[in-house]
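Q: Mind folding the following:
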Amino acid sequence: MSEQITAALPHDLTASLEGLGKSEWLARVSGIARARGAFRSLDPAHFAAYIEGNTTLLVTFETQAGIQGLTEEGQPMGWRMVREEGWSHLCLVSDGDTWFRSAGVYDYIDELIDDGFFEQFDRVLFFGAGPCAYAACAYSVAAPGALVLAIQPQATLNPTLTEWDERFREHRRLDFTSRYGYAPDMLDACAQAWVLYDPVERLDAMHAALFARPNVTLFRLRHLGAALQGSLLRMGMLHTLLRLAGEGRLDARVFATLYRRRRRYPPYLRNLLSALEVDEREPLIQALCRNVTARMNLPRFRRRLRESAPDGAHLRRAMDELD
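A: Below is the predicted model of the structure:
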């Protein structure tokens, strides 16, 4: 790291930071990072915290609100991987959604490159979700040969390329045309990237299509919704995906096996039922409701099953189609 590592007694990475005020939370994160690696304020809206571990480096891009809202401990996403896998972790954090389009961030990444920081690791994995996934893809170019796991990334907010995305109109003033700008192009130097998205979410799917490259695998999480990171956390999948990606073992077969957990995830099941109802697929609705009520206690599915019942032949055909 470009900042001198502070020698101090190790701080406990298991300590909960949940419920702390913004300034106290930042002070605790800063103290732990300085004791176990390094901490750097990049500008008023961004900081970087490094925890030293083994020769696998996880680089996460996160927001303060996301860290405090998504995890029970109120900790950066990678701290669990430090505890459980012994990985090193570099966390870049923004105050709000900035897509990390900041001169302070550019300069910091440049400094890491000049110092040969990424070269000391055998494997480097970049991770982020939403605007942070954009940053993970864009800055992965700093470590050629890196791996990237990106959940619902935007390719760019440059309106000349993505004027069809009206969700972030107020952020189009950010500069997406200078350095580290167009995220899909920045993936050309990575060894492998995985982009996760729900194809039912039309705008997410349109952005995902822009990432299509020979070294990019697109994983479709149909009917999981617009907040994939939270759903993957609640299903207990996200840290497993990080571990598999960091070990170079994530492929379509492994992902499909892991993603079977959605069959016990009520929000997914409700989304699937709603989609079938919109399409008026009554045999499939009955098959789904029978399958779910046989395994779980979800009143909506039980009520829907009582409304009508297909004959046996229709049910068998429907079950075959669901499988």
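Q: The stretch 151-300 of the chain: strands as residue ranges?
A: Taking DSSP state E, counting those that start in this stretch, the strands of the stretch 151-300 of the chain run over residues 192-197, 216-220.
Q: Tabulate the CA atom coordinates of the first one in CSV.
A: Extracted C-alpha coordinates of strand 192-197, given in CSV (Å, rounded to 0.1, in the frame of the first residue of the first chain):
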residue,chain,number,x,y,z
GLN,A,192,-12.9,-13.9,-16.2
ALA,A,193,-15.9,-11.9,-15.3
TRP,A,194,-19.4,-13.0,-14.1
VAL,A,195,-22.3,-10.6,-14.5
LEU,A,196,-25.5,-11.5,-12.6
TYR,A,197,-28.9,-10.0,-13.6
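Q: can you list contacts of that strand?
A: Taking contacts as Cβ atoms under 8 Å, 6 or more residues apart in numbering, the residues outside strand 192-197 that touch it are 133, 137, 140, 147-153, 187, 204-205, 207-208, 211, 213, 215-221, 228, 232, 245, 248, 250. Backbone N, C-alpha and C define where each C-beta goes, glycine included.
Q: Enumerate every residue touching Ala208.
A: 152-153, 195, 197, 199, 218.
Q: How about Cys137?
A: 126, 128, 148, 150, 153, 183-184, 186-187, 193, 211.
Q: Of the residues you listed, just say which sits nearest to Arg28.
A: Gly128 (22.4 Å; Cβ to Cβ).
Q: residues contacting the closest one?
A: Under the criterion of Cβ under 8 Å, 6+ apart, the neighbours of Gly128 are 60-62, 134-137, 150-151, 153.
Q: and what of Ala146?
A: By Cβ under 8 Å, 6+ apart, Ala146 lies in contact with 118, 124-126, 140, 189-191.
Q: Out of the contacts of Ala208, which two sit at the greatest distance?
A: Pairwise distances across the contacts of Ala208 peak at 14.5 Å for Pro153 and Pro199 (criterion: Cβ to Cβ).
Q: and the two? which has more neighbours close in?
A: Between Pro153 and Pro199, counting by other Cβ atoms under 10 Å, Pro153 is the more crowded of the two (29 against 15).
Q: Can you give me the distance of that one to Asp110?
A: Noted for Pro153: a distance of 22 Å to Asp110, by Cβ to Cβ, to the nearest Å.
Q: My impression was that Phe127 belongs to a helix - is that right?
A: No - going by DSSP: H, G, I helix; E, B strand; the rest coil, the assignment for Phe127 is strand, not a helix.
Q: that older thread, make JSON lines from the strands of the stretch 151-300 of the chain and add mean pLDDT and mean neighbour count to it.
A: Compiled in JSON lines, these are given as follows (pLDDT from 0 to 100; neighbours: other Cβ atoms under 10 Å):
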{"stretch": "strand 192-197", "mean pLDDT": "98", "mean neighbour count": "24"}
{"stretch": "strand 216-220", "mean pLDDT": "97", "mean neighbour count": "17"}
